[in-house]
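Asker: Give me a model of this one.
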Amino acid sequence: MGNSVSYFLLGMKLDSTSYEEATQKIIAWAKGGESRTVCAASAHMVMEAHDSSSVLAAVNGTDMVVSDGMPLVWWLRAKGVKNQPRVYGPELMLHICQSAARERIPIGLYGSTQEVVTALTERLLVKFPGLKINFVKSPPFRSMSAEEDDIDTQQIVDSGLKILFVGLGCPKQELWIAEHKGRVQAVMFAVGAAFQFHAGLVTQAPHWMQNIGLEWLFRTIQEPRRLWKRYIVVVPRFASLVLFEALGLIHSR
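Answerer: Here you go, the predicted structure:
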């Protein structure tokens, strides 16, 4: 694919890009010590942005929004982006780690539980020999005070990392990277469930289910209590709103 172009779905930015192009951009930003933000968009994120002006502003203010969910890939293709691939957040994370290991670019991990980040660190170091992981932290799940956030931010800065993977869940992670843009001179990538997947604690959907857009069903079966409402409510609502927008019955903000 050529240079990425930004499109807007229900008012939320979505970029046409590929694994190769996204990885190259992120590595270039990291080498330059630039404060940049990246997120991986799904139907759930579109609905979060549709319902909250602060989430919409956070996502639209990022430097790159990749098409993590198949419905967004199909939408981009319908908009004329030929051969638009899925740029799955967990897979893009591995592409970035591989390049970071080769280029000796230090990374960091921020989010999830201590069990998850410990297992994730161990697995990444085995998978990518030479990868420099300068910072690993599982922050508290409660709201943090400004003082606590300042301490974490200073630790991130002092570590010298150039790429920070943030796994706080949507939309908390998107809001966090937006709030820290300019404060952290690194690429901050909100990757959601990638931490649990790569730590080996949650199984990813089979590729055939991912390819036909049924990953949401697989994840709901895995974690029904946590995810049933998100997907059972979000999926039909998302589909309806996208159809209404296509028919000109509603207009994006």
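Asker: Number of residues surrounding residue 181?
Answerer: Using other CB atoms under 10 Å, residue 181 has 17 other residues around it. (C-beta placed from N, C-alpha, C; glycine too.)
Asker: whoops, I mixed them up, residue 108
Answerer: 23.
Asker: ditto for residue 137
Answerer: 15.
Asker: Next, work out how far apart the residue lying closest to it once chain neighbours are set aside and residue 75 are.
Answerer: The shortest distance from residue 137 to any non-neighbouring residue, by CB to CB, 6 or more residues apart in numbering, is to residue 110 (5.5 Å). Relative to residue 75, residue 110 is positioned 30 Å away (criterion: CB to CB, to the nearest Å).
Asker: go on, residue 100?
Answerer: From residue 100 over to residue 75 (counting by CB to CB), the distance is 30 Å.
Asker: Would you mind telling me which of those two has the busier surroundings?
Answerer: When neighbours are counted by other CB under 10 Å, residue 100 and residue 75 differ, and residue 100 comes out ahead with 25 against 22.
Asker: Look at that one and report its pLDDT.
Answerer: pLDDT, residue 100: 98.
Asker: Quick check: next helix or strand after the one helix or strand residue 22 maps to?
Answerer: Residue 22 belongs to helix 19-31 when elements are defined using DSSP states H and E. Once the chain leaves helix 19-31, the next helix or strand it forms, by DSSP H and E, is strand 36-41.
Asker: The helix holding residue 22: which residues count as buried?
Answerer: For helix 19-31, the neighbour count (16 or more other CB atoms under 10 Å) marks 19, 21-23, 25-27, 29-30 as buried.
Asker: Same question for stretch 244-253.
Answerer: For stretch 244-253, the neighbour count (16+ other CB under 10 Å) marks residue 245 as buried.
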